[in-house]
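J.: Let's see this in three dimensions:
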Amino acid sequence: MDIHELYNEWLEKAVYDPDLTAELENIKGNEEEILDRFYRELEFGTAGLRGVIGAGTNRMNYYTVGRATQGLSDFLNKNYENPSIAIGYDSRIKSEYFAKEAAKILAANGIKVYIYDELEPTPCLSYAIRKYRTSSGIILTASHNPGKYNGYKCYDSNGYQMTDEEAEETYGFIQKVDYFTGIKSMDFDEAAEKGLIEYIGEETIASFLDEVEKQCVNPGICKKAKLRVIYTPLNGTGNKPVRAILKRIGIDEVYVVPEQELPDGNFPTCPFPNPEIKQAFECALKMTDEIKPDILLATDPDCDRVGIAVPDKNGEYVLMSGNEVGAMMLNYILSQKKEKGTLSDSAVAVKSFVSTDLAEEIAKKYNCTFKNLLTGFKYIGELITNLEAEGRADDFVMGFEESYGYLAGTHARDKDAVVGSMLICEMAAYYKTQGKMLVEVMEDIYREFGYYCNTVKSYQFEGAAGMEKMAQIMENLRKNPPQAFADMTVVMVDDYKTSISKNTENGNESKIDLPKSNVLSYKMAGGNSVIIRPSGTEPKIKAYITAIGNSGKSAKALADRLISEADAFMEV
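T.: Prediction:
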């Protein structure tokens with residue numbers, strides 16, 4: 001069926017949601033708009049679905065969500081005798097609507113549904129899967145994307161996102177479902193009366209917070225330090241649980257950014273609700289003159305990432321990177337556990353392989369085993385699950401990704417900005433009692449281990465032409481691998497798609513013992529590197545830069561050169 005036939009079919013049949021009919025009528029005769037909505041189907045992978053909300057096969061709407069849910073139902077009914085599922089959702093446009101429609105479809109397929117009675121963070125969904133021992137889980141969220149996006153992430157029975165094999169099998173079922181005739185559904189209230197849909201209540205959130213609180217390393221330190229915090233949930237799900245956990249650990253002075261406090265999927269004050277960027281802190285920064293906080297916290301809409309801004313010696317508030325916070329948090333936990341005699345002899349810490357290698361150097365100091373895994377927190381969740389199966393759950397110290405995702409504890413199998421916010425504040429409080437600001441703590445770490453400048457450059461590629469260009473860039477890099485960056489010879493090339501690591505000096509090759517992924521890594525002498533990775537959820541390629549120097553200035557200068565040379569490869 002060509003694009004125009006698809007468009008006409010949707011115009012005729014997509015009548016369940018009147019918003020879709022109006023949108024399709026509005027673009028009649030507009031070839032470019034029709035093409036963008038129908039040139040492809042949203043792909044279902046380990047990150048589920050993600051796309052712009054609207055009409056068409058390349059949009060998030062009732063039919064694309066419904067088709068995915070029907071396929072997931074078929075997968076669950078094939079693989080489980082009495083399947084069940086947990087569902088959560090964030091503050092985004094249509095998140096609650098999609099969540100409840102998915103619940104109706106699953107119930108119509110005989111699958112027991114546990115659904116949160118209000119929006120909750122992504123880690124709470126991971127927690128619910130394990131608490132209720134469900135076969136799977138769904139969260140309706142597009143994380144930190146702009147407001148026009150939504151997404152549909154699927155989890156397995158362990159509480160982390162589906163593995164490649166499960167996602168592939170589920171996608172096979174999805175592709176067999178007709179958008180308009182293949183989706184089963186039933187009335188929500190009727191399903192609830194029959195016991196097929198059950199709300200997840202406050203007791204589950206309370207038990208989640210209990211597990212988070214157990215990760216305190218220095219209970220009572222926040223009360224002692226009289227920590228002052230400005231917090232913004234960026235109009236997302238963090239407002240209640242983050243404030244609740246900070247209150248539990250003794251932080252009485254938490255000032256919430258009023259215009260970003262309540263849920264709002266339009267994100268009116270912050271078009272990019274991403275704590276990685278300074279814009280997310282603009283409203284909070286305006287409050288600092290009056291409040292003079294020790295720390296500013298920002299969680300993204302589904303509260304699985306947290307970013308911070310802290311005062312420097314001049315009283316100016318500076319953003320700290322995810323790599324810096326991850327390294328500092330690891331150093332804090334390991335040093336305090338070592339001091340208290342609670343650090344396991346077989347302790348394990350982990351990060352995504354694109355995150356700072358500084359963390360690995362810190363772990364060595366404390367004889368802590370360190371693991372580098374592919375990007376995607378499911379791999380960290382998988383490691384925790386394996387440790388748990390070996391009776392070693394307590395050996396897990398923490399895991400993190402440079403994109404502001406942290407997890408301490410085994411209560412969840414995904415990034416958790418609730419526990420992240422708690423530990424960041426506890427860490428700030430501890431060092432405050434020592435007379436130190438976090439920027440000074442980070443400087444001490446750099447002086448001890450070397451100055452690491454880790455930075456990420458994103459290259460955006462929109463639409464059908466953009467997807468083609470991304471594939472072309474990766475193909476060109478494989479056919480014509482760069483020999484050097486910033487006058488430093490590339491000594492090792494790791495291709496995670498072929499699972500081959502090649503030493504360019506002697507030509508020796510070895511196998512990369514990780515799942516295949518479309519990633520290329522170029523390593524130079526001294527630990528400097530450039531990693532190129534297309535995003536799995538957004539139309540962009542990311543370049544991850546590691547530059548190491550004997551000062552912050554020299555490391556930054558080298559990073560700028562590496563970025564400049566990476567830019568050239570994105571112009572194919």
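
J.: what packs against the lowest-mean-pLDDT helix or strand in the chain?
T.: Lowest mean confidence among the helices and strands of the chain (mean pLDDT, DSSP states H and E): helix 463-479, at a mean of 88. Here helix 463-479 touches helix 31-38, strand 520-523, strand 529-534, strand 540-549, helix 552-569, going by 3 or more CB pairs under 8 Å, 6 or more residues apart in numbering; DSSP states H and E. Using the backbone N, CA and C atoms, a C-beta is placed for each residue, glycine as well.

J.: who touches it?
T.: 35-36, 39-40, 460-461, 495, 518, 520, 532, 534, 539, 541, 569-570, 572 (CB atoms under 8 Å, 6 or more residues apart in numbering).

J.: rerun that using 6 Å as the cut-off
T.: Contacts to helix 463-479, defined as CB atoms under 6 Å, 6 or more residues apart in numbering, come from residues 36, 39, 461, 520, 534, 539, 541, 572.

J.: so that helix versus strand 529-534, what angle?
T.: Per axes from the mean of the first three to the mean of the last three CA atoms, to 10 degrees, the angle that helix 463-479 makes with strand 529-534 is 140 degrees.

J.: Work out the gap between helix 463-479 and the centre of the chain.
T.: Helix 463-479 has its C-alpha centroid displaced from the chain centroid by 24 Å (CA atoms, centre = their mean, to the nearest Å).

J.: returning to what we had before: list only buried entries from the contacts of helix 463-479.
T.: Among these, those classed as buried by 16 or more other CB atoms under 10 Å are 36, 39, 461, 520, 534, 539, 541.

J.: can you name the two of those that are farthest apart?
T.: Within the buried ones among the contacts of helix 463-479, 36 and 520 form the most distant pair, 29.0 Å apart (CB to CB).

J.: On the three-state scheme, the nearest residue to residue 37 once chain neighbours are set aside is what?
T.: Residue nearest to residue 37 in three dimensions, not counting chain neighbours: residue 56, with 2.9 Å by CB to CB, 6 or more residues apart in numbering. Secondary structure, DSSP: H, G, I helix; E, B strand; the rest coil: residue 56 is coil.

J.: What is the neighbour count of residue 56?
T.: Neighbour count of residue 56, defined by other CB atoms under 10 Å: 30.

J.: distance of it from residue 151?
T.: In this view, residue 56 and residue 151 are 16 Å apart by CB to CB, to the nearest Å.

J.: likewise residue 158?
T.: To residue 151, residue 158 is 20 Å away according to CB to CB.

J.: contact partners of the helix or strand residue 152 falls within?
T.: Under the criterion of DSSP states H and E, residue 152 resides in strand 149-155. Contact with strand 149-155 is made by 48-50, 52-53, 60, 65, 68, 92, 129, 137-139, 141-142, 161-162, as judged by CB under 6 Å, 6+ apart.

J.: can I get the contacts of helix 463-479 in CSV with distance to residue 267?
T.: Below are the contacts of helix 463-479 laid out as CSV (distance: CB to CB, whole Å):
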residue, distance to residue 267
36, 22
39, 27
461, 23
520, 33
534, 25
539, 19
541, 25
572, 33
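
J.: What segments of the stretch 351-500 of the chain are helices?
T.: With DSSP state H, counting those that start in this stretch as the criterion, the stretch 351-500 of the chain has helices at 358-365, 377-389, 417-433, 438-449, 463-479.

J.: And the spatially closest residue to residue 546 that is not a sequence neighbour, how close does it get to residue 240?
T.: Among residues not flanking residue 546 along the chain, residue 529 sits closest, at 4.6 Å (CB to CB, 6+ apart). Applying CB to CB, the value for residue 529 to residue 240 is 40 Å.

J.: Which one of these two is surrounded by more residues?
T.: residue 529 (24 against 16).

J.: Any idea what the more buried one is bridged to?
T.: Here residue 529 sits in beta bridges with residue 523, residue 546, going by DSSP bridges.

J.: doesn't residue 547 make contact with it?
T.: No - look at residue 529 against residue 547 with CB atoms under 6 Å: they stay out of range, at 8.7 Å.

J.: related to what we said a few turns ago, with respect to burial, which of the helices of the stretch 351-500 of the chain scores highest?
T.: Looking across those with neighbours counted as mean count of other CB atoms under 10 Å, the highest average goes to helix 417-433: a mean of 25.

J.: neighbouring contacts of that helix?
T.: Contacts for helix 417-433 (CB under 6 Å, 6+ apart): 212, 215, 218, 221-222, 225, 227, 241-242, 245, 294-295, 297, 299, 303-306, 308, 329, 332, 406, 408-409, 438, 441.

J.: ditto for stretch 96-113
T.: 65-66, 69-70, 73, 76, 83-85, 87, 89, 115, 138, 140, 184-186, 188, 191, 196-197.

J.: Now, those that are in helices?
T.: 65, 66, 69, 70, 73, 76, 188, 191 (DSSP state H).

J.: quick one: which of these is most hemmed in?
T.: Counting by other CB under 10 Å, top hit in those: residue 69 with 30 neighbours.

J.: and residue 414, how many residues sit next to it?
T.: The tally of other residues near residue 414 (other CB under 10 Å) stands at 27.

J.: is residue 137 in a bridge, and if so with what?
T.: residue 86, residue 155.

J.: Mind pulling the model confidence for it?
T.: Looking at residue 137, its pLDDT stands at 98.

J.: mind listing what it touches?
T.: Residue 137 touches 86, 125, 129, 155, counting by CB under 6 Å, 6+ apart.

J.: how much space is there between residue 283 and residue 233?
T.: Distance of residue 283 to residue 233, computed by CB to CB: 12 Å.

J.: between the two, which one's more packed in?
T.: Using other CB under 10 Å, the more surrounded residue of residue 283 and residue 233 is residue 233, with 28 against 18.

J.: Quick one, grab the pLDDT at the residue lying closest to the more buried one once chain neighbours are set aside.
T.: Using CB to CB, 6+ apart and skipping residues adjacent in sequence, the residue nearest residue 233 is residue 239, 4.2 Å away. According to the prediction, residue 239 has pLDDT 98.

J.: Over to residue 167?
T.: For residue 167, the predicted pLDDT is 93.

J.: Just the element for residue 23, please.
T.: helix 18-26.

J.: So what's the residue count around the closest residue in space to residue 87 that isn't next to it in sequence?
T.: Distances taken as CB to CB, 6+ apart put residue 115 closest to residue 87, at 4.3 Å, once the chain neighbours are dropped. Residue 115 has 23 neighbouring residues, counting by other CB under 10 Å.

J.: Which residues does residue 115 form beta bridges with?
T.: residue 87, residue 199.
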